[in-house]
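**Q** Next comes the sequence, and after it the predicted model I'd like to discuss.
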Amino acid sequence: QQPVQSPQAVILREGEDAVINCSSSKALYSVHWYRQKHGEAPVFLMILLKGGEQKGHEKISASFNEKKQQSSLYLTASQLSYSGTYFCGTVYSGGGADGLTFGKGTHLIIQP
Amino acid sequence: NAGVTQTPKFRVLKTGQSMTLLCAQDMNHEYMYWYRQDPGMGLRLIHYSVGEGTTAKGEVPDGYNVSRLKKQNFLLGLESAAPSQTSVYFCASRLASSRPYEQYFGPGTRLTVT
C-alpha cells in the first residue's frame, strides 16, 4: 500500500512557505524524502527515523509523527530551484521486502 | 566517481521483443534496486538485490527478471515486452546497513513498447 501524499499539487510565489504531507496506514520505521525535476532522477533530501533522528538538508526540514504514521516536509522561503515533484518513500516496521514504497508525489511550482 | 549509471538511456521495442537494461555503480554499494515510474503512480519497486548473487521480488515483479553476477552491476531483463511495460526505469543503490541510508538513483531509461 502506497503512502498518501497531500496536496497533489501546489503553486507558490518565491519566498512563500510550503508543507507537504505523507501519511501511511501501516506502522513506519523510516520516511525518506526525494525531489525530482522533470526528466531527471530523484534526488535525496532527508531521512526521518523512528525514534526521532534525522538527516537534513539546509532550508528544508521535516517531522515524523510515529503515533499518526505521518511525516511532513517543510520548505521555508521557497526558491525557484525548489520547483519539482516531491516524493516520500517509506520503510515499514516489521520487516518485509527491502526498498522504498513511494507515494504518488506532490508537484510544487514556484513562480517569480 | 560516476555514481549510478544506466544503459541505454532510451529504447523502443516492439511487443514480444526482449532486452536487458544495465545498471552499474562504482560506490561499492551492496544493495541495488530496480524501480519503474509511470505517470501519476510514483516509483514502484520491481526487484532488488542485497548482494552479489542474490535477488528478490519487489512490488511489481511480473514480466521481469534480474541478475547480479557482479557486485557493481544489476541487470533487468524483459523476456517478452508488452505495452504495459512502457515506463521510465530507475536503478538505485545504497550501502548495506541495519539503519536506513539514502538510495542513490541513476538517470533512468525511458522504454517504449509498441
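**A** Perfect, thanks for sending it. These numbers come from a predicted model, not from an experiment. Residues are numbered from 1 along each chain as shown, chains lettered A, B, ... in the order given.
**Q** and the gap between the residue of chain A positioned farthest from its centre and A:Glu14?
**A** Here chain A reaches farthest from its C-alpha mean at A:Pro112, the gap being 23.2 Å by C-alpha atoms, centre = their mean. The gap separating A:Pro112 from A:Glu14 is 6 Å, by C-beta to C-beta, to the nearest Å. From N, CA and C alone the C-beta is placed, and that goes for glycine too.
**Q** so what's the nearest residue to A:Gln111 once chain neighbours are set aside up against?
**A** Leaving aside its chain neighbours, A:Gln111 sits nearest to A:Arg13 (5.6 Å; criterion: C-beta to C-beta, 6 or more residues apart in numbering or on different chains). The neighbours of A:Arg13, taking C-beta atoms under 8 Å, 6 or more residues apart in numbering or on different chains as the test, are A:Ile110, A:Gln111, A:Pro112.
**Q** isn't the second one right next to A:Gly15, touching?
**A** No. The pair A:Gln111 and A:Gly15 does not pass the contact test of C-beta atoms under 8 Å, sitting 10.5 Å apart.
**Q** overlap in contacts of A:Pro112 and A:Glu14?
**A** With C-beta under 8 Å, 6+ apart, A:Pro112 and A:Glu14 have common neighbours A:Leu80.
**Q** Can you pull out the low-pLDDT segments for chain B?
**A** Along chain B, segments meeting pLDDT under 70 span B:98-100.
**Q** Geometric centre of it: which residue is closest?
**A** The structure's chain B has its C-alpha centroid closest to B:Trp34; by C-alpha atoms, centre = their mean the separation is 2.7 Å.
**Q** And it, how far from B:Cys23?
**A** Applying C-beta to C-beta to B:Trp34 and B:Cys23 gives a distance of 7 Å.
**Q** Check B:Ala96 too.
**A** 17 Å.
**Q** So for those two, which sits in the more crowded spot?
**A** Taking other C-beta atoms under 10 Å in any protein chain shown, B:Ala96 and B:Cys23 do not tie; B:Cys23 has more neighbours (25 against 11).
**Q** Three-state assignment for the more buried one, please.
**A** strand (DSSP: H, G, I helix; E, B strand; the rest coil).
**Q** contacting residues around it?
**A** B:Val4, B:Thr5, B:Gln6, B:Met32, B:Trp34, B:Asn73, B:Phe74, B:Leu75, B:Leu76, B:Cys91, B:Ser93, B:Gly106.
**Q** Need phi/psi at the residue nearest to the centre of chain B.
**A** Main-chain torsions, B:Trp34, degrees, to the nearest 10: phi -120, psi 130.
**Q** that older thread, quick check, pLDDT for the residue nearest to A:Gln111.
**A** If you check A:Arg13, the pLDDT there is 96.
**Q** cool, A:Gly52 as well?
**A** For A:Gly52, pLDDT reads 67.
**Q** Likewise for the one 5 residues further on?
**A** The model reports A:His57 with a pLDDT of 66.
**Q** Quantify the burial of residue 80 by counting its neighbouring residues.
**A** Using chain A. By other C-beta under 10 Å, 10 other residues sit near A:Leu80.
**Q** my bad, the chain I had in mind was chain B
**A** B:Ser80: 11 neighbours (other C-beta under 10 Å).
**Q** Setting aside sequence neighbours, what's the nearest residue to it?
**A** B:Ser80 sits nearest to B:Gly16 (C-beta to C-beta, 6+ apart), 5.3 Å away.
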